[in-house]
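Novice: I need the structure of the sequence given here:
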Amino acid sequence: MKKHLIAAAVAAAVAAPAMAQNVEIYGILDQAYRATDLTLKVGGDKFRLDTSSTVVGGSYTTQRLGFRGTEDLGGGLKASFNYEQGLGNSGTGGEDGNSDSGTTALVTVLRQANLGISGGFGSVRVGQMTTQADLAYGVGDVGSGNNFIGRIYGGSGIQLSNARSSRLIEYTTPSFNGFTAAIQYGKGSTKTDDSVDSVSSSNKELGFGLRYAAGPLNVMLGYVKEKAESVTTGAKGAEPKEIVLGANYNFGPATAFFIYQDGSNKNVSTVTLAGEDLDLAAEKYDSKAYEIGVRVPMGALALQASYYDASRTWKNLGDKYTFDQDGIQLAALYNLSKRTMLYAVYGTQDWKGKKELKGTKVDNDQFGIGVRHSF
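Specialist: Residues are numbered from 1 along each chain as shown. Now for the predicted structure:
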């Protein structure tokens, strides 16, 4: 009997350190057939800018492979980590690692790489992570960050700040009756060499977030401001700033979603219109938008619908250009299991020029059917 007790005690002592650390491997694979049509109308003329259809990865949810875990440090402290790569199965590999090129090269994009310590004081994290404005988008996004057009957070080009940043230090308070607050700060600089023609730049970033989550209500206000400049020449770079309010409320039979965005950017060379990057230099670029959405679960099936409206203006060398933009997205999601989902999504968005751009219109339509599996 004593031998059994001694053996059990030794086994427990050996196993205890291993049990103190929890590591998880997770990921998402997502494949869909997706068709896109993009048309430009100027006066009475019509130009087809893009017509494509292909099987592409990450259409609904960006494909990814990640590792995350926690370690109990004792004394109420925990260490945590998260490392995540976005995976694509096409040729270019941008934010989501995908394109419509139809090629089969595997590309990866770093999404998360951070370490943190948490306790009664809250939590501190360092590394690459999601920004506060992007988190606010997520709270109010009925589309769960899907990569189809027709929503503010997608191919609309309305989002101005980084979705994720690699240079952040973040502090988050403990929860007080459902309220939490967070601050993020980042600063970085690069210099290629010591020659006269060397490229040297400086980047700064500041973000704040305030969130309330209790019962059926979840609401978050996020703010991000960034600044870039050339240390060598003194030339000013892009200076985006953005405030985002996101909310959702579960009524039981349905959940309602809402997003409000107000942002601006300075010294930009590219403006995204209707999902296309256009070389439009702007001394200042302004954007205001709102979105409403609803999700209705019906057993294994869920139906989603959203509508957004935006006003966007850019100024350059005394000229001012304004256009209105709106979009709709409809989706049907069917859960075959807790990890496998079938989906069909239709999105449409257009922008109409005002004043100097009157008579100019861009229409963009997209449809896709696919399957997503998480592990």
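Novice: Quickly find the element holding Leu245.
Specialist: In this structure, Leu245 is located in strand 241-250 according to DSSP states H and E.
Novice: same for that strand, what does it pack against?
Specialist: helix 132-140, strand 217-230, strand 255-268 (3 or more Cβ pairs under 8 Å, 6 or more residues apart in numbering; DSSP states H and E). In short, each C-beta sits where N, CA and C put it, glycine included.
Novice: Buried residues, the last one. List them.
Specialist: Buried positions in strand 255-268, judged by neighbour count with 16 or more other Cβ atoms under 10 Å: 255-268.
Novice: Nearest to Leu210, out of those residues: which one, please.
Specialist: Proximity of the buried residues of strand 255-268 to Leu210 (Cβ to Cβ) peaks at Tyr260, which lies at 14.3 Å.
Novice: Starting from the strand holding Leu245, tell me which strands it pairs with and how they run.
Specialist: strand 217-230 (antiparallel), strand 255-268 (antiparallel) (DSSP bridges).
Novice: Format those as CSV; extra columns: mean pLDDT.
Specialist: Converted to CSV, those look like this (pLDDT from 0 to 100):
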stretch, mean pLDDT
strand 217-230, 90
strand 255-268, 91
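Novice: could the ones you listed go into a markdown table alongside distance to Gln21?
Specialist: Output for these, formatted as a markdown table (distance: least, Cβ to Cβ, whole Å):
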| stretch | distance to Gln21 |
| --- | --- |
| strand 217-230 | 31 |
| strand 255-268 | 36 |
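Novice: The top strand by length along the chain packs against which elements?
Specialist: Counting by DSSP state E, the longest strand found in the chain is strand 21-42. Packing contacts for strand 21-42, counted by 3+ Cβ pairs under 8 Å, 6+ apart, involve strand 45-57, strand 63-74, strand 360-374.
Novice: Which positions within the next helix or strand after the shortest one qualify as buried?
Specialist: Okay, so that is strand 63-74. Next in sequence after strand 63-74, counting helices and strands by DSSP H and E, comes strand 77-88. Buried residues in strand 77-88, counting neighbours by 16+ other Cβ under 10 Å, are found at 78, 80-88.
Novice: now do stretch 325-336
Specialist: 325-331, 333, 335.
Novice: Quick check: of those, which lies closest to Glu291?
Specialist: Once Cβ to Cβ is applied, the member of these that ends up nearest Glu291 is Gly327, at 8.5 Å.
Novice: Please look at that closest one and Arg151 and confirm they touch.
Specialist: Yes. With contacts counted by Cβ atoms under 8 Å, Gly327 reaches Arg151, the gap being 6.4 Å.
Novice: what residues do those two have in common as contacts?
Specialist: With contacts taken as Cβ atoms under 8 Å, 6 or more residues apart in numbering, Gly327 and Arg151 have 308, 347 as neighbours in common.
Novice: Run through the residues that contact Val219.
Specialist: Per Cβ under 8 Å, 6+ apart, neighbours of Val219: 139, 211-213, 245-248.
Novice: What's opposite it in the beta bridge?
Specialist: Beta-bridge partners of Val219, as defined by DSSP bridges: Tyr212, Ala247.
Novice: same check, this time on Thr51
Specialist: With DSSP bridges as the rule, Thr51 is bridged to Asp37.
Novice: how close does it get to Tyr60?
Specialist: Distance, Thr51 to Tyr60, using Cβ to Cβ, to the nearest Å: 22 Å.
Novice: Got phi/psi on the residue nearest the centre of the chain?
Specialist: When the chain is reduced to its mean C-alpha position, the nearest residue by Cα atoms, centre = their mean turns out to be Ala163, at 4.7 Å. Phi and psi for Ala163, reported as degrees, to the nearest 10, are phi -70, psi -40.
Novice: Kindly tell me how buried Ser59 is, as a neighbour count.
Specialist: 26 (other Cβ atoms under 10 Å).
Novice: next one: the one 10 residues further on
Specialist: Neighbour count of Gly69, defined by other Cβ under 10 Å: 14.
Novice: Likewise for the one 4 residues further on?
Specialist: By the measure other Cβ under 10 Å, the count of residues near Leu73 is 13.
Novice: Can you list the neighbours in contact with the strand holding Leu245?
Specialist: 133, 136-142, 159-161, 216-226, 255-265.
Novice: Now find how far off-centre that strand is within its chain.
Specialist: The chain centre lies 13 Å from the centre of strand 241-250; the measure is Cα atoms, centre = their mean, to the nearest Å.
Novice: Residue numbering should commence at 376 henceforth.
Specialist: Okay, using 376 as the starting number, the last item reads as strand 616-625.
Novice: For that strand, output the C-alpha coordinates as PDB.
Specialist: C-alpha atoms of strand 616-625 as PDB (Å, rounded to 0.1, in the frame of the first residue of the first chain):
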ATOM      1  CA  LYS A 616      -6.500  58.100 -37.800                       C
ATOM      2  CA  GLU A 617      -9.800  56.300 -37.200                       C
ATOM      3  CA  ILE A 618     -12.500  56.000 -34.600                       C
ATOM      4  CA  VAL A 619     -14.800  53.000 -34.700                       C
ATOM      5  CA  LEU A 620     -17.900  52.100 -32.700                       C
ATOM      6  CA  GLY A 621     -19.100  48.500 -33.000                       C
ATOM      7  CA  ALA A 622     -22.000  46.900 -31.200                       C
ATOM      8  CA  ASN A 623     -24.200  43.800 -31.200                       C
ATOM      9  CA  TYR A 624     -27.300  42.800 -29.200                       C
ATOM     10  CA  ASN A 625     -28.800  39.400 -28.900                       C
END
